[in-house]
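In: Could you work out the structure for the sequence below:
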Amino acid sequence: MEETTIKLEKDDEEDFGTGKFAKYQKMMWDLIEKPDTSRAAQVISVLSTIFVAVSIVGMTISTLPVLQYKDVQGNAIDNPSLAMVETVCIAWFTLEYFIRLAGAPEKWVFLKDGMNI
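Out: Numbers count the residues shown, from 1 in each chain. Next comes the predicted model:
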């Protein structure tokens, strides 16, 4: 009950203004930051979690000697398939970050937050 009250109070604090794009900004913010607001937001939340898991697993198994490739000199290099998986994950994380930034009600507060640096 107390958690719901705090959440509702926080919703009241978010001021997107009255500008031309304020409603789209709120839609983006809700889509990325509040998975309980719509089915699409839930899908984005699950996708983000999947990308995090895939990234962790990919980075972990890329350290296995069996999956590493060797260049002409015999030096170990990254597996190209795993490198592509990591590239796709980084692209997703970057897109998600910029959507969150575009939707943030207070851009400067968002940028200064330790989780966003």
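In: How about the contacts made by residue 40?
Out: Residues near residue 40 by CB atoms under 8 Å, 6 or more residues apart in numbering: residue 31. Backbone N, C-alpha and C define where each C-beta goes, glycine included.
In: before we move on, which element is it in?
Out: Taking DSSP states H and E as the criterion, residue 40 maps to helix 39-61.
In: try residue 89
Out: Using DSSP H and E, residue 89 falls within helix 80-103.
In: just checking, what packs against that helix?
Out: Packing contacts for helix 80-103, counted by 3 or more CB pairs under 8 Å, 6 or more residues apart in numbering; DSSP states H and E, involve helix 22-33, helix 39-61, helix 107-112.
In: Pick the most buried one from these.
Out: With neighbours taken as mean count of other CB atoms under 10 Å, these reach their highest mean count in helix 22-33, at a mean of 17.
In: Can I get that helix in CSV? Just the C-alpha atoms.
Out: Presented in CSV, the C-alpha positions along helix 22-33 are these (Å, rounded to 0.1, in the frame of the first residue of the first chain):
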residue,chain,number,x,y,z
ALA,A,22,4.7,16.9,-24.3
LYS,A,23,2.2,14.1,-24.8
TYR,A,24,4.7,12.1,-27.0
GLN,A,25,7.4,12.7,-24.4
LYS,A,26,5.1,11.2,-21.7
MET,A,27,4.3,8.3,-24.0
MET,A,28,8.0,7.5,-24.5
TRP,A,29,8.7,7.8,-20.8
ASP,A,30,5.9,5.5,-19.9
LEU,A,31,6.8,3.0,-22.6
ILE,A,32,10.4,2.7,-21.3
GLU,A,33,10.1,3.4,-17.6
